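Chemist: need coordinates for the following:
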Amino acid sequence: MNTTPLKGQAALITGSDSGIGKGVALAMAKAGAKVVINYVHNKKHAEEVVNEITAAGGEAYSWQTDVSQEDQVLGMFKEMFSRYGTIDILVNNSGLQQDAKLVDMTLEQWNKVISVNLTGQFLCAREAAREFIRRGVVDGVSKAAGKIICMSSVHEVIPWAGHVNYASSKGGISMMMKSMAQELAPHKIRVVAIGPGAIQTPINKSAWETPEALNKLLELIPYGRIGQPEDIGNLAVWLASDDADYITGTTIFSDGGMTLYPGFADNG
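Modeler: Reported below is the predicted structural model:
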């Protein structure tokens, strides 16, 4: 079994200073990729991820970028090309929540979530695709010219009252991913999405930090456990590897069965 299927490849993981992004970065570095740890605010956490990777013999550096800002995204890619020469894998992971009931949600809350979660993925995917097309397939590195993994959510298909901005951004990611995959496939570029369910990260700490909250959450997860960042990291590595070379234009859900709508299990 090849334990370093991403050896020789350069990966950019946005929002990888914590949570799911950190899990993906650690997994890809372990699989042999050189990685860029992108962060917005927490340089200390980003450097800790870099140190963890380099201490294990991997290669990484951190870079501050707000993915919703075009000039910053262009600067991030310029720096990556300067250091690593190119990009082989983009993991569009940056995302946030600003929750409110529809009637209370401000335009600022709506715009902020859409600009980071959706527009940020567009900007990064565009720059990665430009480089993939320019460079083409490199023999001995990957069967594909490039791989784009969009981090979506079970809420691209499950409505979520009180989170209309977040759910809309994830639904948008689904159609953006499919449209990009259709357009880029002739260039040997694969575009896929991962739809995590409940993953134990800081963004949803209130949903699992007490036994009562965790038990309530587990009612939505038929498999009976909350997900971990490494669950998503391992899936991302596989999707970026040549083992998944014939997969494009689809979302792979890693959710313990949340998208099975467990509330209907005994209401048939």
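
Chemist: now do the buried residues in the helix or strand Lys44 falls within.
Modeler: According to DSSP states H and E, Lys44 maps onto helix 43-55. Of all the residues in helix 43-55, those buried under the rule 16 or more other C-beta atoms under 10 Å are His45, Ala46, Glu47, Glu48, Val49, Val50, Glu52, Ile53. The way it works is simple: take the backbone N, C-alpha and C, and place the C-beta from them, glycine included.

Chemist: of those, closest to Leu123?
Modeler: Ala46 (19.7 Å; C-beta to C-beta).

Chemist: isn't the closest one right up against Asp17?
Modeler: Yes: with contact defined as C-beta atoms under 8 Å, Ala46 counts as touching Asp17 (4.0 Å).

Chemist: residues contacting the helix or strand hosting Lys216, please?
Modeler: Using DSSP H and E, Lys216 maps to helix 211-218. Under the criterion C-beta atoms under 8 Å, 6 or more residues apart in numbering, residues Ala198, Ser206, Ala207, Trp208, Gly224, Arg225, Ile226 lie in contact with helix 211-218.

Chemist: with just CA atoms, put stretch 7-17 into CSV.
Modeler: The C-alpha coordinates for stretch 7-17 follow below in CSV (Å, rounded to 0.1, in the frame of the first residue of the first chain):
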residue,chain,number,x,y,z
LYS,A,7,4.4,12.7,-2.8
GLY,A,8,5.8,15.5,-4.9
GLN,A,9,2.5,17.5,-5.0
ALA,A,10,1.9,21.0,-3.6
ALA,A,11,-1.4,21.5,-1.7
LEU,A,12,-3.1,24.7,-0.6
ILE,A,13,-5.7,24.2,2.2
THR,A,14,-7.6,27.4,3.1
GLY,A,15,-8.6,27.9,6.7
SER,A,16,-6.2,25.2,7.9
ASP,A,17,-5.1,26.7,11.2
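
Chemist: tell me how far that stretch is from the chain's mean position?
Modeler: Mean-position distance between stretch 7-17 and its chain equals 10 Å (C-alpha atoms, centre = their mean, to the nearest Å).

Chemist: low pLDDT regions in the protein?
Modeler: Scanning the chain for pLDDT under 70 picks out 268.

Chemist: the strands in it, which residues?
Modeler: According to DSSP state E, the chain carries its strands in the segments 10-13, 34-39, 60-64, 89-92, 146-151, 189-196, 251-254.

Chemist: would you turn these into TSV with distance to Phe132 and mean neighbour count?
Modeler: Converted to TSV, the strands of the chain look like this (distance: least, C-beta to C-beta, whole Å; neighbours: other C-beta atoms under 10 Å):
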stretch	distance to Phe132	mean neighbour count
strand 10-13	12	28
strand 34-39	16	27
strand 60-64	20	20
strand 89-92	9	29
strand 146-151	3	27
strand 189-196	5	25
strand 251-254	21	19
